[in-house]
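Trainee: structure here, sequence nowhere to be found:
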């Protein structure tokens, strides 16, 4: 028997989705969402089954109606990592996770992460009130990205323009992941795609001179490392591959990290006991808290997968061609897998055992960098303003977004009124 959701997941946009996840869990952990034309999975074991098998449950971008727009957004590069599969994808993945953005590599970058966050916080000295989303969380990953690529220009106006371009691409990705660009074409869908393509073209104009200037691969910056190591994936690694890889770092690491910083700060502002425990603890407590932020309120809510041949999942017959939406955060709150699944637990035996960074062959390439940025941002912001609190005179935070979500606005008073 097919179990159908009522209402649709689409109706959770801009509000807490957790009750919706629990309705599906109560129905068996998998249900059909008619409005999204997709099966939604919130069960931990079923999510793991799907995410591990990249051949049976494939990354869907090349099978979507939006695929041509996706290709244009990615500079027309069919070798973009998101389009790769099999051995080439594994080679790309291994290169980034084991070398470019490994824990050891990220540790070498810790100094630039510290320096940028210190710069941001120093610029807020003497303030009684601060908008921590616009003036801090949005800017942290932008500056880290610029430092990794060794941008010659790093003023806030330039960085925020780069973010605006990235936001246009993120809006396209969110609509495509939610199946909103499938079916009969409509003017709004075309507008979203056109704006994303234009934003991608402008980002290329910004990045291309840097890519061309560092073709020797002799520098220590990220662009030079892409040039020097790209042959591990393609023997004829070229300018377009390097440009696209820079864009991948930008797209994958800006919005997601911003949402994570917002969620982590909110969770501590909202729970005095937890704040005391984390602030009064050491690096171990902070690291465990970071993992709980990702588990409970990870930035990316779901991942789509295309069923390549008939399958049975959770007792449901799923036909080839069907779309699955794996609710990463729904699975991260599965009581069959976690004790006190909706609560922060700084003593979990396996703190990394969650899906916030996806799972299996498409695990997030920047997960170690994201962990470092979140931990550093939380530590430094609460050290600077140990008495800060949400501003009672400002609008309270709500859980905003759809594909990616976070608590915002975060208007704070740096000290009690």
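Mentor: Cool, got the structure. From a predicted model like this one, the values you see are computed outputs, not experimental measurements.

Trainee: show me where the stretch 201-350 of the chain has strands.
Mentor: 302-307, 311-313, 316-318, 323-327 (DSSP state E, counting those that start in this stretch).

Trainee: contact partners of the first one?
Mentor: What that stands for is strand 302-307. Contacting residues not belonging to strand 302-307 are listed as 38, 40, 50-51, 56-60, 63, 177, 179, 318-329, 358, 362, 403 [C-beta atoms under 8 Å, 6 or more residues apart in numbering]. Any C-beta I mention is one placed from the backbone N, CA and C, and that applies to glycine too.

Trainee: relative to residue 109, how far out is residue 149?
Mentor: 12 Å (C-beta to C-beta, to the nearest Å).

Trainee: residue 45 too?
Mentor: For residue 45, the distance to residue 109 (C-beta to C-beta) stands at 36 Å.

Trainee: likewise residue 405?
Mentor: For residue 405 relative to residue 109 (C-beta to C-beta), the value is 27 Å.

Trainee: compare the two (neighbour count), which wins?
Mentor: Applying other C-beta atoms under 10 Å to residue 405 and residue 109 shows that residue 405 carries more neighbours, namely 25 against 18.

Trainee: confirm that one sits in a strand?
Mentor: Yes: assessed by DSSP: H, G, I helix; E, B strand; the rest coil, residue 405 belongs to a strand.

Trainee: got a list of what it touches?
Mentor: 17, 259, 297, 299, 301, 399.

Trainee: looking at those residues, which are in helices?
Mentor: Residues of the contacts of residue 405 located in helices (DSSP state H): 259, 297.

Trainee: can you redo the contacts of residue 405 as a markdown table with pLDDT and distance to residue 229?
Mentor: Formatted as a markdown table, the contacts of residue 405 follow (pLDDT from 0 to 100; distance: C-beta to C-beta, whole Å):
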| residue | pLDDT | distance to residue 229 |
| --- | --- | --- |
| 17 | 96 | 39 |
| 259 | 97 | 29 |
| 297 | 97 | 34 |
| 299 | 96 | 27 |
| 301 | 96 | 32 |
| 399 | 96 | 39 |
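
Trainee: just the contacts of residue 405 now: which is nearest residue 232?
Mentor: Nearest to residue 232 among those is residue 299, at 28.6 Å by C-beta to C-beta.

Trainee: what does the pLDDT read for the spatially closest residue to residue 112 that is not a sequence neighbour?
Mentor: Nearest residue to residue 112, sequence neighbours excluded (C-beta to C-beta, 6 or more residues apart in numbering): residue 147, at 4.3 Å. What the model reports for residue 147 is a pLDDT of 95.

Trainee: how much space separates residue 147 from residue 210?
Mentor: With C-beta to C-beta as the criterion, residue 147 and residue 210 are 13 Å apart.

Trainee: mind listing what's buried in the helix or strand bottoming out on mean pLDDT in the chain?
Mentor: Using mean pLDDT, DSSP states H and E, helix 67-73 stands out as the lowest-scoring helix or strand of the chain, at a mean of 88. Neighbour counts over helix 67-73 (16 or more other C-beta atoms under 10 Å) mark 69, 70, 71, 72, 73 as buried.

Trainee: next one: it to chain centre, how far?
Mentor: Chain-centre distance of helix 67-73: 20 Å, with C-alpha atoms, centre = their mean, to the nearest Å.

Trainee: average pLDDT for the helix or strand following it, rounded please.
Mentor: Using DSSP states H and E, the next helix or strand after helix 67-73 towards the C-terminus is helix 86-95. Averaged over helix 86-95, pLDDT sits at 94.

Trainee: what sits up against helix 86-95?
Mentor: 54, 79, 81, 84, 229, 232, 233, 234, 361, 362, 363, 365.

Trainee: can I get these in a markdown table with distance to residue 385 and neighbour count?
Mentor: Output for those, formatted as a markdown table (distance: C-beta to C-beta, whole Å; neighbours: other C-beta atoms under 10 Å):
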| residue | distance to residue 385 | neighbour count |
| --- | --- | --- |
| 54 | 44 | 18 |
| 79 | 46 | 18 |
| 81 | 39 | 20 |
| 84 | 44 | 19 |
| 229 | 41 | 16 |
| 232 | 44 | 13 |
| 233 | 44 | 22 |
| 234 | 48 | 14 |
| 361 | 41 | 16 |
| 362 | 38 | 19 |
| 363 | 34 | 13 |
| 365 | 33 | 22 |
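
Trainee: contacting residues around the closest residue to residue 189 other than its chain neighbours?
Mentor: Leaving aside its chain neighbours, residue 189 sits nearest to residue 181 (4.7 Å; criterion: C-beta to C-beta, 6+ apart). The contact partners of residue 181, by C-beta under 8 Å, 6+ apart, come to 64, 65, 66, 69, 172, 175, 189, 192, 193.

Trainee: can you check residue 347 too?
Mentor: Counting by C-beta under 8 Å, 6+ apart, residue 347 has contacts residue 288.

Trainee: which SS class is residue 181?
Mentor: State at residue 181, reduced to three classes by three-state DSSP: coil.

Trainee: ranges for the helices of the stretch 1-150 of the chain?
Mentor: For the stretch 1-150 of the chain, the helices defined by DSSP state H, counting those that start in this stretch cover 18-26, 44-52, 67-73, 86-95, 103-108, 110-122, 139-148.
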